[in-house]
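Trainee: Make a model of this:
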Amino acid sequence: MGIIAKQSFYNSISIAFAFLIGALNTVYLYPTYMGSEFQGLIVALLAFSNLVQPFISFGVQHALIKFYSACETKQDRDALLNFSMLLPLLFFILLLPFLFVFKEDIIDIISAKNSNIGRYAFLIIAVAFSTAYFEVFYNWLRVQLKSVFGNFLKEFYPRALIFVLLSAYALDFIDLDGFVWALIGGYYLRLLIVMVYSFRVYSPKFELGLPVQYKSILKYSLLIFMSGAAASLILDIDKSMISNVLTVENVAYYSVAVFIASVIEFPGRAMFQIISPMVAKALNENDKKRLTSLLKKSANNLLLGAGLLFLLINLNLVDFYQWVNLEGYDKALDVVFIVSLGKLSTMSMGCLNNIITNSKYYTYVFWFSLASAVLAVVLNLYFINEMGIIGAAYATLIVIVLINVAKIILIQFTFKINPFSNKTFFALGIIFLLYVLIPLIAFDLSPFLSLIIRSLVIVITFLIFSRVFKLTGDLQNVINKFNFLNKK
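Mentor: Here you go, the predicted model:
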């Protein structure tokens, strides 16, 4: 686990800073200077862009990870990389006529509740193309086990870009038009940077030709594309439907709440950047012992990390909203708890998703994604109309839990392994116990001071319990490797 631990640590740093600057953007700069209407507009546009992106990348970025470790010669690797660069361009060219023919119809649909979405619809396809190619080159770096800089560009760069643009907007250096055009330019600058760095890490010989396994690659990419399209739908359908069924202001309230809940995924985002190629290699080499170890350790460590964040977020939520004092945004207070439960469920599975995606059972990914997409649309349509943005949160939670259970059953029956152990139940017990007991301690202080003191109590108590039940062995090994406690 050395290289996983090391790169996960560095990835954690960049993701931590990304979340901090993202929090500043989401809960202060956007609402204060741009307002909930324009914040909802930008979030909705980027959400629509995420829905389009899989139709350009066609899943080739995931095929790159699955098949790279199986390439035996440099010529095979070069052919795979060249193919990965050309395929998205081909599908983008095929997509353009459709977009031009149905341009007006598409704009009418997505801008039904807000005409500004139609006015800036060009951002959707522009950012989708840039993001599709960024993912290809980012995975190029991941298969070389060079994920740190790519992770920085993926997680930190977009949030830093928006921070700069929001600051410029607040100082009246740019208007909304300038913000949108600069946002597009920033995404393409990121693409250029990752391309240059990728070619420095590994420069293939460019020549026309198909990889030896091109039929398998195309089949895999097709299924992952359909799965990715469905997955993007699951991730962003709630925001898109809220903008159509309700108003873009509600998108802003909901997005702030979901952003806060998504902090729980922080440990996983760091680990998965490097562990996915490791899982693919273990599968290609039929190393079940290694695979089981990766699954169990990742599940245990992620549940501990995500569980602590779950407690810190939800037990401080009221004080946090009072402290930031954003009028109207507290309408989505319950969204944070509901969505964070789903996030915690996903983190408790460790690298299980990576195993399915990179194994011969990858076809199930499509069926899971399709079922998720259908459920997401139906449940969001019903719950949003009945309960507003809280309904969107319940729809998300139901979809996540049901599909996670289905994935666990699949891995248990096919590989005879699962992510759970005695440590899982001890960790869940600690999380539940602290969630019930900590609120009984009253802090008659200002919201900020209450938040700080309660956080310290949560962290100290959680670590003591985790240590007593010996749940932190893997974490301690990581700390020792970085010599934070034991200097050699």
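
Trainee: I figured Ala160 hits Ile21, correct?
Mentor: Yes. Taking contacts as CB atoms under 8 Å, Ala160 lies within contact range of Ile21: 5.9 Å. Just so you know, the C-beta spots here come from the backbone N, C-alpha and C atoms, and that holds for glycine as well.

Trainee: name the helices or strands packed onto the one helix or strand Phe129 maps to?
Mentor: In the assignment (DSSP states H and E), Phe129 maps to helix 122-143. Contacts defined by 3 or more CB pairs under 8 Å, 6 or more residues apart in numbering; DSSP states H and E place helix 122-143 against helix 35-57, helix 60-68, helix 74-101, helix 147-151, helix 176-201, helix 266-284.

Trainee: Could you report the neighbour count for Leu445?
Mentor: Leu445: 13 surrounding residues under other CB atoms under 10 Å.

Trainee: Quickly note the distance from it to Ile453.
Mentor: 7 Å (CB to CB, to the nearest Å).

Trainee: one step back: highest mean neighbour count out of the helices and strands packed on helix 122-143?
Mentor: Comparing the helices and strands packed on helix 122-143 by mean neighbour count (mean count of other CB atoms under 10 Å), helix 60-68 comes out on top with a mean of 25.

Trainee: Packing partners of that helix?
Mentor: Helices and strands touching helix 60-68, as assessed by 3+ CB pairs under 8 Å, 6+ apart, comprise helix 74-101, helix 122-143, helix 214-245, helix 266-284, helix 352-358.

Trainee: Can you pull out the residues in contact with the shortest one?
Mentor: Counting by CB atoms under 8 Å, 6 or more residues apart in numbering, helix 352-358 makes contact with 62, 65-66, 224, 272, 275-276, 279-280, 283, 291, 295, 299, 362, 364-365, 368, 407-408, 410-411, 415, 419, all of which sit outside it.

Trainee: Repeat that for stretch 58-65.
Mentor: By CB under 8 Å, 6+ apart, the list of residues contacting stretch 58-65 reads 80-81, 83-84, 87-88, 91, 132, 135-136, 138-140, 142-143, 217, 220-228, 276-277, 280, 357-358.

Trainee: Low-confidence regions, the stretch 301-450 of the chain specifically.
Mentor: Scanning the stretch 301-450 of the chain for pLDDT under 70 picks out 325-330.

Trainee: how about the helices in it?
Mentor: For the stretch 301-450 of the chain, the helices defined by DSSP state H, counting those that start in this stretch cover 317-324, 333-347, 352-358, 363-387, 389-415, 422-437, 447-468.

Trainee: SS state for Ile174?
Mentor: Three-state call for Ile174 (DSSP: H, G, I helix; E, B strand; the rest coil): coil.

Trainee: so what's the nearest residue to Ala395 once chain neighbours are set aside up against?
Mentor: The shortest distance from Ala395 to any non-neighbouring residue, by CB to CB, 6 or more residues apart in numbering, is to Leu379 (3.6 Å). Shown in contact with Leu379 (CB under 8 Å, 6+ apart): Tyr394, Ala395, Ile398, Val399.

Trainee: ok, so what distance separates the most centrally placed residue in the chain from Ala23?
Mentor: Nearest to the mean C-alpha position of the chain, by CA atoms, centre = their mean, lies Arg269 at 6.7 Å. Separation of Arg269 from Ala23 (CB to CB) stands at 15 Å.

Trainee: ok, back up a step: wait, which of the contacts of Leu379 is closest to Leu440?
Mentor: Tyr394 (27.2 Å; CB to CB).

Trainee: which residues sit in contact with the closest residue to the residue nearest to the centre of the chain other than its chain neighbours?
Mentor: With CB to CB, 6+ apart as the criterion, Arg269 has its nearest non-adjacent residue at 5.3 Å, and that residue is Ile15. Contacts for Ile15 (CB under 8 Å, 6+ apart) come out as Asn151, Glu155, Phe156, Phe266, Arg269, Ala270.

Trainee: so the fifth one touches Phe156, yeah?
Mentor: If I follow you right, that is Arg269. No. At 11.5 Å, Arg269 and Phe156 do not qualify as touching, with contact defined as CB under 8 Å.

Trainee: returning to what we had before: of all the helices and strands packed on helix 60-68, which one is nearest Ile390?
Mentor: helix 214-245 (11.1 Å).

Trainee: To what extent is Phe465 buried, counted in neighbours?
Mentor: Phe465, neighbours per other CB under 10 Å, totals 18.
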